[in-house]
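1. Sharing a sequence plus its predicted fold:
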Amino acid sequence: MVGNKPFKTTMLYILASFVLIVMVSPYLYMVLGSLSPWDQVDRRIIPTEFTLRSYEWLFFGGEGVLARPWLRALFNSLFVTLSSTILMMTTAILVGYSLAKLKFKGNRLINNVILFQMFYPAVILLIPLFLIIRYLGLYDTYWAMILPKAVNLWAIFMYTNFFRSLPDELLEAAKIDGASQLKIVWKVVLPMSKSITTIIFLFLFMERWVELLWDMLVVNSENMLTLNVLLAQMFGPYGGYPGPMYAASVLLTLPILILFIIFSKNFKDGMQFVLK
Amino acid sequence: MNKSNARLGWLFASPYLIYSLIFFLFPLIWATYLAFTNWNLIAPDYEFVGIQNFIQAFFSESVRAAFFVTYKFLGMFVPIVVAGALFLAVMIHSLPKFKGLFSVAFFLPYLASGVASAIVVNGILSYNSPFNIWLRGTFGLDIDWLGSSILAPLIIALMMAWKFAGYYALLFVAGLESIPKEIYEAAEIDGAVGWKRFWKITLPMLYPSFYTVTILAVGLMFGIFTEPYVLTGGGPDLATHTWQLEIYSQAFERLNAGFGTAIAVINSVVTFGSILIFRKILEKWGAKHGWE
């Protein structure tokens, strides 16, 4: 039995690698599709030659078809997602800190209301939220995509729990040294929360980046669309251009992948807290 | 000092309070009112119609479809994703090295946008895709994947399972890591090895993670929009017509804002009730086997 162990381990790694390849194969298919000559897209899994024609088409147009505003859409996605995510992070850190460390009347009440809101089905709000955006005159603006996504309850909840676990003595010491609360948050609390901040940022960014329904509802003009919405809308009429669709999908996936790889070092520690 | 703390506390919390007032409380009240009107999103005038929307929803074919489609998705998605995540987790857990690497790699599909994965799935399943040509050539199978009312929901369920299995696996891995080694050692002395060990120890000890994953997976199915919207548009014959699609199409395509809101209210009640029932079943099941 003992002699079998290396064999078993090897088999396990082979199995794991096989599953891994299966899991990432849709990504590979997407990349290969984006680099295929157009007559081979969805016809051959591995193209006989590689071309950047699909990417060229995306950015410069061609063949009697107008260049779609892909670059603009990529910019919109980045702008909207980054603004929303930064706002969500800022509010979550401040609110979380006040709930966890600043003892004030109403603190518990707010905490309970947040819990209630988190489990409240958000779909009821969809139509009135749309109406509010319209009445505020924000329809078809960046604000419409950013403002309703400026506060995230899950992030507040996570930060509140994490900040509670930080020792009060440390904050007290900083206070005695004359630091203001804002400075304590910035200089003491945040550096201690790197791994959780990484995870919350990644999750918020990812969720905001792939948002479809809301961004589709509140924005109308072509140069305001996010990449995700543009791609979803092109799916019908431009389904005849599968190569560029794959190229756009790659564009849509790449930023998240890059972010994820940059932060993957902090991933495990933060994840452990989030999964608790 | 305390007073300034309180002022600062309210100041820090104020973004949340203002946000909740404008984007939660106010729309919530508005929604409750709208659900009882026949407003069409455009006309300046509308009337209070009582529970007419709810009666109409009861007899609406598409609302009924949304109701049943969700359970169909649940029946396909939950077993697949829970079993898949459990498989991945056990595999990751038993690897002596590179645990982190594999778990991160399995997590990657979670990062994919539903739109991008719908495009890929559509490409793989399109009529002349290499996969379908191979099926026709080798087995003589000519399958209309997205045009079949049984296969289309299954494909969406599989797509979602692909996306979420790695994420849920992380929850299971956390659960597996929390099982004390002594229990396994004791079990080995008692002769519990291999499958027996898995069924008698690992699974019961994993019950809390199992519970969390299942409830998360159930909740997810009540809110899916992107995948069916892009891939099937709810078809064929409403076979993938989810609640969100129904609300979207009623309110924003047919402009029945009042009716759409009523459906959203029904949806939230159904979601809440269903999750409650699933929780109770899981808890009963766990208690019956003595798994807390």
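-> Perfect, thanks for sending it.

2. Just give me the residue closest to the centre of the chain.
-> Because you didn't say which chain, this covers chain A. Centroid-nearest residue in chain A: residue A:206, 1.2 Å away (criterion: C-alpha atoms, centre = their mean).

3. think we crossed wires, I meant chain B
-> residue B:220 (1.7 Å).

4. Next one: that one from residue B:149, what distance?
-> 22 Å (C-beta to C-beta, to the nearest Å). C-beta: built from backbone N, CA, C; applies to glycine.

5. before we move on, what about residue A:132?
-> 38 Å.

6. Between the two, point out the one with more neighbours.
-> Using other C-beta atoms under 10 Å in any protein chain shown as the criterion, residue A:132 and residue B:149 rank with residue A:132 on top: 19 against 14.

7. For the more buried one, which non-adjacent residue is closest in space?
-> Distances taken as C-beta to C-beta, 6 or more residues apart in numbering or on different chains place residue B:27 nearest to residue A:132, at 6.1 Å, with adjacent residues excluded.

8. Same question for residue A:38.
-> residue A:243 (4.9 Å).

9. number of nearby residues for residue A:28?
-> Neighbour tally, residue A:28, other C-beta under 10 Å: 13.

10. how about the helix or strand where it lies against chain B, any contact?
-> For residue A:28, the element it lies in under DSSP states H and E is helix A:5-35. Yes - interface with chain B: helix A:5-35 contributes A:9, A:12-13, A:15-16, A:19-20, A:23-24, A:26-27, A:29-30, A:33 (C-beta under 8 Å from any C-beta of the partner chain).

11. packing partners for that helix?
-> With contacts defined as 3 or more C-beta pairs under 8 Å, 6 or more residues apart in numbering or on different chains; DSSP states H and E, helix A:5-35 has these neighbours: helix A:53-60, helix A:242-275, helix B:61-94, helix B:99-107, helix B:114-125, helix B:151-177.

12. The first one vs helix A:242-275, what angle?
-> Computed with axes from the mean of the first three to the mean of the last three C-alpha atoms, to 10 degrees, the direction of helix A:53-60 lies at 90 degrees from that of helix A:242-275.

13. So what's the model's average confidence on helix A:53-60?
-> Mean pLDDT, helix A:53-60: 83.

14. you'd agree residue B:229 is up against residue A:212?
-> Yes - under the criterion of C-beta atoms under 8 Å, residue B:229 lies in contact with residue A:212, with a separation of 7.2 Å.

15. mind showing which ranges of chain B have poor pLDDT?
-> Within chain B, the segments meeting pLDDT under 70 span B:1-2, B:292.

16. ditto for the stretch 51-200 of chain A
-> A:62-68.

17. So which bits of it are right by chain B?
-> A:90-91, A:94-95, A:97-99, A:102-107, A:110, A:113-114, A:117, A:120-121, A:123-132, A:147-148, A:150-151, A:156, A:181.

18. show me what contacts residue B:203?
-> Counting by C-beta atoms under 8 Å, 6 or more residues apart in numbering or on different chains, residue B:203 touches residue B:210.

19. in stretch A:196-208, what counts as buried?
-> By neighbour count on 16 or more other C-beta atoms under 10 Å in any protein chain shown, the buried set for stretch A:196-208 is A:196-208.

20. I'd like the distance from that stretch to the chain centre, please.
-> Chain-centre distance of stretch A:196-208: 6 Å, with C-alpha atoms, centre = their mean, to the nearest Å.

21. for stretch B:139-147, same thing?
-> 27 Å.

22. Convert that stretch to PDB, retaining C-alpha atoms only.
-> Taking C-alpha atoms only, stretch B:139-147 is exported to PDB below (Å, rounded to 0.1, in the frame of the first residue of the first chain):
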ATOM      1  CA  PHE B 139     -22.800   9.100 -34.000                       C
ATOM      2  CA  GLY B 140     -25.300  10.400 -36.500                       C
ATOM      3  CA  LEU B 141     -26.600  12.700 -33.800                       C
ATOM      4  CA  ASP B 142     -28.200  15.800 -35.100                       C
ATOM      5  CA  ILE B 143     -29.100  17.900 -32.000                       C
ATOM      6  CA  ASP B 144     -30.600  21.400 -31.900                       C
ATOM      7  CA  TRP B 145     -29.100  22.200 -28.500                       C
ATOM      8  CA  LEU B 146     -30.700  25.600 -27.900                       C
ATOM      9  CA  GLY B 147     -33.900  24.900 -29.800                       C
END
